[in-house]
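Peer 1: sharing a sequence plus its predicted fold:
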Amino acid sequence: MSERGPQADLREFLRTRRARITPEQAGIRPMPGARRVPGLRREEVAQLAGVSVDYYVRLERGRSASVSESVLRAVAQALQLDEAERDHLFALAEAIGRRPRTVAEQRARVGLVRALENISEVPALLLGHRLDVLATNRPARALYLDFDALPVEERNMARYVFLNEAPRDLYVDWHETAREIVGMLRLYASHHPHDPQLARLVDELSAADRDFRRWWADHDVFLPKHGVKRYQHPLVGELTLGFEAFTPMGEPDQTLGLYTVEPGSASQQALRRLVD
C-alpha cells in the first residue's frame, strides 16, 4: 500500500464498481460492438452521470484535482453505490491534491472507558482507527479469550482475525467477518491515505494472508452499523449475539461496538456462564 495513493485507489475503486454492473442492470441499452471489459464501459458511466466521456476518464484516472459534489453524486448514482461506497468515493476524490496530514494517535477517553466498564452483562469494545482495540469490558475479554494474551501493541482486530488461528474457530462465519474487517480498513484508508502505520499494517497482512491480499484488491468497503454474529466458543459452545455500532461524539475515527443478546435465550445463559 505504501507505494499507492488516492489517485491509484480512486482509479481501482471506480473500475471495480463499474465492472460489477451490466448495462441492463443500469437500465441502458448496451453500446454496439464486442465488450472487452466486464460491466459498464467508461462511456456508459459518463452517459449515466451526465458528464462528458473525457471528463469521466480524467476522473477515473485521478487527474481531476477538483471535482464538484454534484458530479460525484451523479457518478455514485450511476454506479449504484451504497452509503459506505459514496463516503469512500468522496473521501478519495477530496484526498487527491491535498497535502499529507499527520495522523494523531488515538486513546480511549476516560468517560468511554468507564462507560464500557459499567456494562457488565454483554461484551463492548472501543475500536480506533486502523481497528486498534482501545478499550474492552470484562465480557468482551471473556468472549475473545486469547486476545488478552497479545502484547498491547498487537491488540488490533485485523491482526487478531488474520494472524491468529483462534478467530477462525471462534467465528462461525469467519470469511464474512474477515471481509468486513478488510472493508473497514479500506474505508478508513480513504480518509487517511497517508497514514504510514496503516500502510505497514496492510503490507504485513498482505504478506501473511492470501485472503486478505485478495480482498484488499477487491476495493470493497464496509461501514458497521448493526447485525448478528455467531460464535463457537471453546468454553461455552454456541453463541448468537447481536451488535450495534456507534461513533462517539467528538471521536469521528472511533467505533463503539455494543453486543446484545436475546433475553432468556440459550446464548444469554451461555454468556452468563462465560462471564461468571
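Peer 2: Looks like it arrived, so ask away. Numbers count the residues shown, from 1 in each chain.

Peer 1: can you list the buried residues in stretch 204-221?
Peer 2: 205-206, 209, 212, 215-216, 219-221 (16 or more other Cβ atoms under 10 Å). The C-beta positions use only the backbone N, C-alpha and C, and glycine is treated the same way.

Peer 1: can you get me a residue count around Asp276?
Peer 2: A total of 6 residues lie near Asp276 under the criterion other Cβ atoms under 10 Å.

Peer 1: farthest pair within the buried residues of stretch 204-221?
Peer 2: Pairwise distances across the buried residues of stretch 204-221 (Cβ to Cβ) peak at 18.9 Å, for the pair Asp209 and Val221.

Peer 1: if I look at the residue lying closest to Ser66 once chain neighbours are set aside, how far off is Leu72?
Peer 2: Once flanking residues are discounted, Ser66 sits nearest to Gly97: 7.5 Å by Cβ to Cβ, 6 or more residues apart in numbering. Counting by Cβ to Cβ, to the nearest Å, the gap from Gly97 to Leu72 is 15 Å.

Peer 1: between these two, which one's more packed in?
Peer 2: When neighbours are counted by other Cβ under 10 Å, Gly97 and Leu72 differ, and Leu72 comes out ahead with 19 against 12.

Peer 1: what about Thr247, how many residues nearby?
Peer 2: Neighbours around Thr247, by other Cβ under 10 Å: 12.

Peer 1: for the nearest residue to it once chain neighbours are set aside, phi and psi?
Peer 2: Take Thr247 and drop its neighbours on the chain: the residue closest to it by Cβ to Cβ, 6+ apart is Thr255, 6.3 Å away. Backbone geometry at Thr255, expressed as degrees, to the nearest 10, gives phi -130, psi 130.

Peer 1: so Thr255 touches Leu127, yeah?
Peer 2: Yes - when contacts are counted by Cβ atoms under 8 Å, Thr255 is listed as touching Leu127 (4.6 Å).

Peer 1: intersection of neighbour lists for these two?
Peer 2: Both Thr255 and Leu127 lack any common contact, where contact means Cβ atoms under 8 Å, 6 or more residues apart in numbering.

Peer 1: and Arg230, how many neighbours?
Peer 2: 15.

Peer 1: what about Arg114, which SS state?
Peer 2: What DSSP: H, G, I helix; E, B strand; the rest coil gives for Arg114 is helix.

Peer 1: state the distance from it to Val122.
Peer 2: Here Arg114 is placed at a distance of 16 Å from Val122 (Cβ to Cβ).

Peer 1: out of the two, which sits in the busier spot?
Peer 2: Val122 (19 against 11).

Peer 1: confirm that Phe243 lies within a strand, as I assumed.
Peer 2: Yes - counting by three-state DSSP, Phe243 is found in a strand.

Peer 1: could you check the pLDDT of it?
Peer 2: At Phe243, the predicted lDDT confidence score is 97.

Peer 1: assign the nearest residue to it once chain neighbours are set aside to helix, strand or coil.
Peer 2: In this structure, Phe243 finds its nearest non-sequential neighbour in Tyr259, 5.2 Å apart by Cβ to Cβ, 6+ apart. With three-state DSSP as the basis, the three-state label of Tyr259 is strand.

Peer 1: just Arg159 next, same as before
Peer 2: helix.

Peer 1: next one: it from Asp169, what distance?
Peer 2: Taking Cβ to Cβ, one finds Arg159 at 17 Å from Asp169.

Peer 1: so for the two, which residue has more residues nearby?
Peer 2: Taking neighbours as other Cβ under 10 Å, Arg159 and Asp169 compare with Arg159 leading, 21 against 12.

Peer 1: which stretches of the stretch 51-200 of the chain form helices?
Peer 2: Secondary structure of the stretch 51-200 of the chain (DSSP state H, counting those that start in this stretch): helices located at 53-60, 69-78, 83-95, 110-118, 138-143, 157-163, 166-170, 174-191, 196-208.

Peer 1: closest one to Ala104 among those?
Peer 2: helix 196-208 (11.3 Å).

Peer 1: burial of the residue nearest to Thr247, as a residue count?
Peer 2: 22.

Peer 1: one more: Asn164?
Peer 2: 15.

Peer 1: please name the nearest non-neighbouring residue to it.
Peer 2: Asp146 (6.7 Å).
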